[in-house]
Each structure stands twice: as structure tokens, then as C-alpha cells.
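In: The sequence isn't on hand, but the structure is:
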């Protein structure tokens, strides 16, 4: 019989998910005005807007469930670094276009099936958020996969850059599939699937696209973990310094 | 809009009088000129310059506002600003597309921008040191742009007019967003209101300069007007802008930095102080705080993106080659 | 700058069923798949249920406006095809 997940657990989970979308959306928005083509400026901004929109919905619902008066901006702008639980993958700096688009591919190859499953969540609000997000994520996956192929199988330079991006980012992908007491509780309550159950599908997607892109899937010697526990890379501090600047410099005001 | 003050029409032409008269008759009858229509060389050249410089302005305009996306104070503001800057990229794209119908490529136009052969509206050579500037830009700079964009929807060249109609439809939230930011600041703490006032102090005169030199100093405007590429004079639009914006500032409770700004009952318009045209030309010629930075940023985006564009083309070539050498399907044996 | 040119594609959109595709502008892309995505990203901003066509600009054949008379003259001379030929009383609306 399905156990009910505690409110605290669901709120923590929603925050974690919101952090993933916000941090990646923030990173994507850094490209605006600097992309390789105008068309790509618009595409990256579209993806950024989708992710920021998802973050807002998740934080808002988390705040309502929690019932302590916190809104989306309290979650986004007023927590200490150790309280953000996003994947390390999404806080990695943009790097070159190969890094950015590979990161997008890795993440959305996970999020698309994840959102698909979560559309059946026992938490109705989360199910609705997921139903909208899966459409957006499907498009992000298609767009980023097409680029991975073109860059992997383009010129010698683009192939080299993609290989470097794979070497740099692949060690961060394991964290997406980590289970803990929280994910176990939520899976039993039918709120969200265990991330580990997504791994096979993710692996299949990556294999298919990497084959077409002439890219090899590396072994991960040392998986990079810790984001879910609030133990971030050095880049997170700088990201938050920018993200939180106005709210910290001018506390408690309306904008 | 960003084309308003930039250039006048190029009237030099090889065509004969009869041709020019026939063309002018079409213009006078408010007929639209489409890309394959016969047109004076001067008309074509003028349009290429005007449309491409308008496009460059939209693209460069992404940078001063883009400066605040990562530091927007709330998620709502962040999303709205990202959407606005994305819109500007889109507007640039529509305009490049319109210019390309006249026989110039996007790559050529980009080169003209980066070498300085083509100009962009020098308003974007000013910095955005505070969040309030995002409000001021939406309110004043977009406000000024809208003044010109609406008449351009009736410009004689079809693709440009249609691009402008599309742009105007999307523009509606830009100015409102900026004004709402200013309103929130002016209703906030004294410190926030001071941010808004400081921003108005820095952006007011440059916004007036966006409309270009006084009509008396504006060369070649006549031909542009005759060909219906330009629909109103610089001073006409500038006055219209001042008259609608001053009451908006009054509502906010902040003041334009012009002691000579005064309602003139007889004219039914606001009188204003002298514009510092030395400042205008200094910035146009490259002396603005961000003049060099803007071009550097666009050059870097172009250079950094070269390998990406090349890879996409290389992949497309490979796919075509593979399809060409693919074995044909065998015909079934009798 | 001697960079090779990314091809130009013309974009046609049908906003909903029952209407025909309308030319909305152009995009640059190296191939058809990316052209279609670019068209969606630029001209529909994630609308659903749209039909988007992209055509390489170089593949479009256009009539020469100077030939207008020759191409269109036959129909222009048959004035009874124009509704203004028939006089409809003012009281009859919507015609």
C-alpha cells in the first residue's frame, strides 16, 4: 500500500527540482546576445525561459505546501549556498557552445522521461507542472541532440571540442541517478519516480545520439557528487553572488 | 526606430527621368514596392542601409539590457527581461531578413557592422550601471522607438513594412514593462526613487538625440520622405515624444534634467532646452562609454561562433554526399 | 571575412487548420532540420498545433513583375469575374 510522503519531503524535493531548473535556466540566459547565430540566441533564450518558468512553478508550489509564507523569490534569492540542492552538472560554467549544448543534452535526456513519469504523480499540482514541462523538455532534447550530432560529426575542430566537452561533463552525469531516503519515500508515495529507474532510458538515448555523432561514451573514474547535499563547486558561489546581488544589497524591497 | 536619425536617402541614380517619375507615381499612390519590382538604385541602396542599421541597432541593443539578466532582482523580472532581450534578437532577425530581399547577405551586413562601415543607434553606447536603467530603457528608449515604428508600418517597401507590423505587435509589453519598473521604484523607498531619478537624469537627453539632428541640420531627408521610407521629420517625432513622456514622468514624481522644459500654451507643446549636439557626435563617432565594448562583444560572439557555423555546414555537406553515394534500391527481378 | 554563407530559407506558417500557409520571413540554417527548428524558435515562440514549412530561398521560382501583363492579362480582361461588375442593392449586407 502506497505510503504518503511527508509534506517536508515533498517540499524538499520540489526545491531540489526547482534549483536544477533555475540554475540551468540562469546559465542559458548568460548566452543572450553572445550565441553563434541569431537563431541560436533565440533558441537558447527559449530554453532558458522554459526552465525559469518551471522553476517558478515548482518554488511557488513548494512555498504554498510549506505554508510559511515563502514565495518563489525567497527560494530563488535568499538561501545560503549550502541550502541549494541542484545537480553539480547544471552549475558548471557554460564554457564553449559544445559544453553548453552537451550539458543540455545530458540533462534533458534525463528530465524528459522523468517529467513523463511524474505526469502521473499522486501530487496533482506536481503532475500538472510535469505535464507542461515534458513538452518543453522534449523540444530541448531534440534541439540539443541535433547539435551534438552536428558538432560531433562536423569538422575536426568541432569533433575535438565535443570530445573535450564529453570528458569534462560525463563525470557529472552519475549524480542524476542517485537515490537517497528522500527519493525512496517519494517513489513509494507515487510522487516521483526513483531517478535510478531512468538510467536505462537515458543510456539508450545517449548511445543512439553519440553513435550518430561519432562520440565514445567514456567510463567514469570518479563520479562528481555532492550537489544534492549542498556541497557545490567553486562556480556556485559566483553564480549566487550575481543571482542574489539585488536582494542582498537592498534587503526586503519591492522591485 | 533606430534608423530615424541615422541617414538620409541616397538620391544619386542612373535611371532616366521617365522611370523615376513612374516610380514616384507608384509611391504617391501608396502602392507597396516589393523585392523584385523595378526600383531606383538609390532607393534600393538607401533601404539596405536603413533596414540593416535598424537591424544592427536591435542586436546591439540586446547588450545593455542583457547586462542585467543575471542580476534581475526577482524571477518575474528576470523572465520578462530575458523575453524582452530575446524579442530584440528576433526583431533584428526579421529586419535582416527584410534587407536580404534586396540582395545583400546577413554575413555581409554583419561584416559592415563589425568594421564600422554600418552604424547602429548610438543610444546603445551608454552603460547600464543600475537596475533602474532597465526601467528607463524600456520607458524612454522603447518609447522613442515606438514613435517611429508605427509610421514605418506604412513605409513604401513591402518587406520592411511587414517586418515593422510584426515588430509593433510584439513591442506592446516592452515599454509597459519598463514603465512598471520605474513605477515600482518611485513607489518604493526614497533610495529606490533616487535610483529612478538618477536613471532619468542619464537617459533623458540621449533619448532625445535618438531622433537625430534638428530638421534644419538634417541632410537628404527630403528624398527619404518623398520615397516614403521616412514618414515624419526628426523634430516632429521628437516633439511628440516629449509631449507624451513629460506627463508620464509627472505621474512618477520625477523630473527631466531640463530646467527649460516648460509647457507652451500657444504651441500646445512642451518647450525644451538646447540639445548638446557635441555629445551626440562624440558618441556617434565612437567616444561613448560602451562604443568599443559593444562592437568587441559582437565581434567576439561572431568569432567564437565561427567553428559552430562551419561545423553545421560541414555536416550538411556530409549528409548530402552520403545521400548521393547511397546505393539505389534494386529493382525487383522479373 | 571569407566565411561560407549559411543558406537562407523562407518560412511559411499555418496558425491553425482551415487557413493556408502564410509567408512570414526567413531564417538562416545549414540544413532542413535546423531550419525547421529555427523557424519554430523565431516565428512561433513555442506555439503548438502549428504547421511550419521551410523552403530554401534558392528553390523558389518567382514571376517577373515586368511580365505582369502577359501573365495576368487573360483574367484581367474578363471583368465579370470581379464582384463590382454586379450591382447589388445597398440594403443587402455582407456581399
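Out: Sure, I can see it. Predicted model, so just to flag it, every value in this text is computed and none were measured.
In: what ranges do the helices span in the chain?
Out: You didn't say which chain, so I picked chain A. Secondary structure of chain A (DSSP state H): helices at A:7-29, A:38-66, A:72-77, A:88-91, A:97-118, A:124-152, A:156-169, A:181-188, A:199-212, A:234-249.
In: To clarify, I was referring to chain B.
Out: Going by DSSP H, chain B shows helices at B:17-28, B:41-60, B:62-66, B:75-100, B:106-115, B:132-136, B:142-152, B:158-186, B:190-209, B:221-226, B:234-252, B:277-282, B:291-304, B:306-325.
In: Just give me the lowest mean pLDDT stretch among those.
Out: Comparing mean pLDDT over these, the weakest stretch is helix B:221-226, at a mean of 85.
In: Output the contacting helices and strands for that helix.
Out: Applying 3 or more C-beta pairs under 8 Å, 6 or more residues apart in numbering or on different chains; DSSP states H and E, one finds that helix B:221-226 makes contact with helix B:41-60. Yep, even glycine has a C-beta here, placed from its N, CA and C like the rest.
In: Run a quick neighbour tally on residue B:193.
Out: Each residue near residue B:193 was counted by other C-beta atoms under 10 Å in any protein chain shown, and the total is 18.
In: Could you find the closest non-adjacent residue to it?
Out: If the residues on either side of it in the chain are set aside, residue B:193 comes closest to residue B:186, at 5.1 Å by C-beta to C-beta, 6 or more residues apart in numbering or on different chains.
In: same thing with residue A:75?
Out: residue A:59 (4.1 Å).
In: how many neighbours does that neighbour have?
Out: By other C-beta under 10 Å, neighbour count at residue A:59 equals 25.
In: Quick check, it in contact with residue A:72.
Out: Yes: with contact defined as C-beta atoms under 8 Å, residue A:59 reaches residue A:72; the gap is 4.1 Å.
In: Name the residues contacting each of those two.
Out: residue B:75 (C-beta atoms under 8 Å, 6 or more residues apart in numbering or on different chains).
In: so where's the chain shaky on pLDDT?
Out: With no chain named, the answer covers chain A. Counting by pLDDT under 70, the ranges of chain A that qualify are A:1-2.
In: that's the other chain; I wanted chain C
Out: Low-confidence segments of chain C, defined by pLDDT under 70: C:1-3, C:46-49, C:64-95.
In: and the longest helix for it?
Out: Assignment by DSSP H gives helix C:32-43 as the longest helix of chain C.
In: Can you spell out which helices and strands pack onto that one?
Out: helix A:38-66, helix A:124-152, strand C:8-14, strand C:22-28, strand C:51-56.
In: Next up, the contacts around the residue nearest to residue A:75.
Out: Here residue A:59 is in contact with A:14-15, A:18, A:22, A:71-72, A:75-76, B:75 (C-beta under 8 Å, 6+ apart).
In: gap between it and residue A:74?
Out: Relative to residue A:74, residue A:59 is positioned 8 Å away (C-beta to C-beta, to the nearest Å).
In: Over to residue C:63?
Out: Distance from residue C:63 to residue A:74, by C-beta to C-beta: 62 Å.
In: Comparing these two, which shows the higher neighbour count?
Out: residue A:74 (16 against 11).
In: Please name the nearest non-neighbouring residue to the more buried one.
Out: residue A:63 (6.9 Å).
In: can you count the residues close to the one you found?
Out: 20.
In: which residues touch the residue in chain C positioned nearest to chain A?
Out: The minimum distance from chain C to chain A, using C-beta to the nearest C-beta, falls at residue C:38 (4.1 Å). Residues in contact with residue C:38 (C-beta under 8 Å, 6+ apart) are A:39, A:42-43, C:9, C:27-29.
In: number of nearby residues for residue B:265?
Out: The burial count for residue B:265: 7, using other C-beta under 10 Å.
In: Let me see the contact set for the one residue in chain A that gets nearest to chain C.
Out: Here chain A gets closest to chain C at one residue, residue A:39, 4.1 Å apart by C-beta to the nearest C-beta. Shown in contact with residue A:39 (C-beta under 8 Å, 6+ apart): B:93, C:27-29, C:34, C:38, C:41-42.
In: If we use 6 Å, what do you get?
Out: Listed by C-beta atoms under 6 Å, 6 or more residues apart in numbering or on different chains, the contact partners of residue A:39 are C:27, C:38.
In: now do residue B:188
Out: A:253-254.
In: Retrieve the pLDDT associated with it.
Out: 98.
In: count of residues packed around the residue nearest to residue B:66 when sequence neighbours are not counted?
Out: Nearest residue to residue B:66, sequence neighbours excluded (C-beta to C-beta, 6+ apart): residue A:33, at 4.4 Å. By other C-beta under 10 Å, 26 other residues sit near residue A:33.
In: isn't residue A:33 right up against residue B:63?
Out: Yes: applying C-beta atoms under 6 Å, one finds residue A:33 in contact with residue B:63, separated by 5.3 Å.
In: Could you measure from the residue of chain C at minimum distance from chain B over to residue B:179?
Out: Here the residue of chain C nearest chain B is residue C:30; by C-beta to the nearest C-beta that distance is 3.7 Å. Between residue C:30 and residue B:179 the distance is 41 Å, computed by C-beta to C-beta.
In: Name the residues of chain B found near chain C, please.
Out: Contacts of chain B with chain C, taken as C-beta under 6 Å from any C-beta of the partner chain, map to B:36-37, B:90, B:93-94, B:97, B:105, B:107, B:111, B:312-313, B:316.
In: Noted, bye for now.
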